[in-house]
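Q: return atomic coordinates for the entry below.
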Amino acid sequence: MLISFLRPDAPPISSYSDEELRGRIDNRENYLPETVLNAVAELQRRGHEFSDEELQVISEDMQARIEIVSETTPAF
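A: Model prediction:
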C-alpha cells in the first residue's frame, strides 16, 4: 500500500523529523509521488541541500510513477 501525507488523519509534514522525511525519499517506491515531493520540499525549507543530480533522479522517478498510474487508470 502506498502512503500519503495527504490522508486526512496524517500529521502535518512539519511534524516529521528530518530522518523520517529522508526515509520517505530513500524508500520512495512505498510512497505516493506527492508525499515524496513534499518531503523534499520540507527538507529544503529546513535548509537541507540536495544535489542537482539527486533532485533530477527523484523527479524522474516520480514522473515515471505518475505516468504509470495515468496509463493504468481507466478513464471514466
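
Q: tell me which element residue 53 falls in.
A: Residue 53 is part of helix 52-72 when elements are defined by DSSP states H and E.

Q: so which elements touch the lowest-mean-pLDDT helix or strand in the chain?
A: Using mean pLDDT, DSSP states H and E, helix 52-72 stands out as the lowest-scoring helix or strand of the chain, at a mean of 90. Judged by 3 or more Cβ pairs under 8 Å, 6 or more residues apart in numbering; DSSP states H and E, helix 52-72 is in contact with helix 33-45. (C-beta placed from N, C-alpha, C; glycine too.)

Q: related to what we said a few turns ago, using PDB, write out every CA atom in the least confident helix or strand of the chain.
A: Taking Å, rounded to 0.1, in the frame of the first residue of the first chain, the C-alpha atoms of helix 52-72 are listed here in PDB:
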ATOM      1  CA  ASP A  52      21.100  18.700  -8.800                       C
ATOM      2  CA  GLU A  53      21.600  15.100  -9.700                       C
ATOM      3  CA  GLU A  54      19.700  13.900  -6.700                       C
ATOM      4  CA  LEU A  55      16.800  16.200  -7.400                       C
ATOM      5  CA  GLN A  56      16.800  15.000 -11.100                       C
ATOM      6  CA  VAL A  57      16.700  11.300 -10.100                       C
ATOM      7  CA  ILE A  58      13.900  11.900  -7.600                       C
ATOM      8  CA  SER A  59      11.900  14.000 -10.200                       C
ATOM      9  CA  GLU A  60      12.400  11.400 -12.900                       C
ATOM     10  CA  ASP A  61      11.300   8.500 -10.500                       C
ATOM     11  CA  MET A  62       8.200  10.400  -9.500                       C
ATOM     12  CA  GLN A  63       7.300  11.400 -13.100                       C
ATOM     13  CA  ALA A  64       7.700   7.800 -14.200                       C
ATOM     14  CA  ARG A  65       5.300   6.700 -11.400                       C
ATOM     15  CA  ILE A  66       2.800   9.300 -12.300                       C
ATOM     16  CA  GLU A  67       2.900   8.200 -16.000                       C
ATOM     17  CA  ILE A  68       2.400   4.500 -15.000                       C
ATOM     18  CA  VAL A  69      -0.600   5.400 -12.900                       C
ATOM     19  CA  SER A  70      -2.100   7.500 -15.600                       C
ATOM     20  CA  GLU A  71      -1.600   4.700 -18.200                       C
ATOM     21  CA  THR A  72      -3.200   2.100 -15.900                       C
END
